[in-house]
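**Q** Give me coordinates for this.
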Amino acid sequence: MSYILTILDKTPSFGENCFIAPNATIIGDVAMGNNCSIWFNAVVRGDVNFIKMGNQVNVQDGAVIHCTYEKNATIIGNNVSIGHNALVHGCTIHDNVLIGMGSIVMDRCEIHSNSIVAAGAVLLEGTVVEAGSIYAGVPAKKVKDISENLISGEINRIANNYVKYASWFDAYNDAKK
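**A** Coordinates of the predicted model:
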């Protein structure tokens with residue numbers, strides 16, 4: 001069963017059609033839009049500040065989303081994919097963004113729309129990712145502008161696939177009732 005915990009009178013809230021994996025953990029001041037999914041062993045911890053997610057956000061297996069006490073909330077826009085084992089902390093992610101597997105996004109980073117943070121990239125504190133770009137490396141730097149093919153072929157494809165994957169679990173759970 002998922003761990004959905006209230007702390008300091010703050011309880012997570014969910015939009016419509018959200019999938020929460022049985023072993024995901026969601027704590028405190030967390031607000032999700034519609035069609036979001038929190039996958040296996042993911043942690044979304046709004047205990048020390050708030051976390052706000054738009055619509056169609058997927059937080060993949062093992063990812064951690066947190067914030068900084070009295071300093072930096074975490075704000076995630078619409079149509080965002082947070083890859084497996086990524087760490088997103090006290091930052092702002094705008095719409096249509098892919099955060100690659102195993103990447104780290106530190107406090108006060110701002111990732112503008114239609115961007116990709118490559119797998120394994122480390123965005124140091126305060127990094128600003130330009131709209132329509134790909135950042136990679138340690139520390140992460142801009143490696144190129146993103147093509148329209150990558151926006152539709154990767155960012156949108158992955159976000160849409162995770163809505164589909166979540167529906168499989170709903171169908172499975174409905175069949176068990």
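**Q** drop to CA atoms for contacts and neighbour counts, all remaining ones
**A** OK.
**Q** how about the longest strand seen in the chain as CSV, C-alpha atoms only?
**A** Ranked by residue count under DSSP state E, the longest strand found in the chain is strand 43-53. Output of strand 43-53 as CSV, limited to C-alpha atoms (Å, rounded to 0.1, in the frame of the first residue of the first chain):
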residue,chain,number,x,y,z
VAL,A,43,9.4,9.5,-3.0
VAL,A,44,7.6,12.9,-3.2
ARG,A,45,8.4,14.6,0.2
GLY,A,46,6.6,17.9,0.9
ASP,A,47,7.5,17.9,4.5
VAL,A,48,9.7,21.0,4.7
ASN,A,49,8.2,23.1,1.9
PHE,A,50,5.6,22.6,-0.8
ILE,A,51,5.7,20.6,-4.0
LYS,A,52,3.3,21.5,-6.8
MET,A,53,2.8,19.4,-9.9
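**Q** Can you list the strands that that strand pairs with?
**A** Taking DSSP bridges as the criterion, strand 43-53 forms sheet pairs with strand 25-31 (parallel), strand 64-66 (parallel), strand 74-76 (parallel).
**Q** Quick check: the most centrally placed residue in the chain vs Glu70, distance?
**A** In the chain, the centroid-proximal residue (CA atoms, centre = their mean) is Ile82; its distance is 3.9 Å. Using CA to CA, to the nearest Å, one obtains 24 Å as the distance from Ile82 to Glu70.
**Q** so who does Asn160 touch?
**A** Asn160 makes contact with Gln56, according to CA atoms under 8 Å, 6 or more residues apart in numbering.
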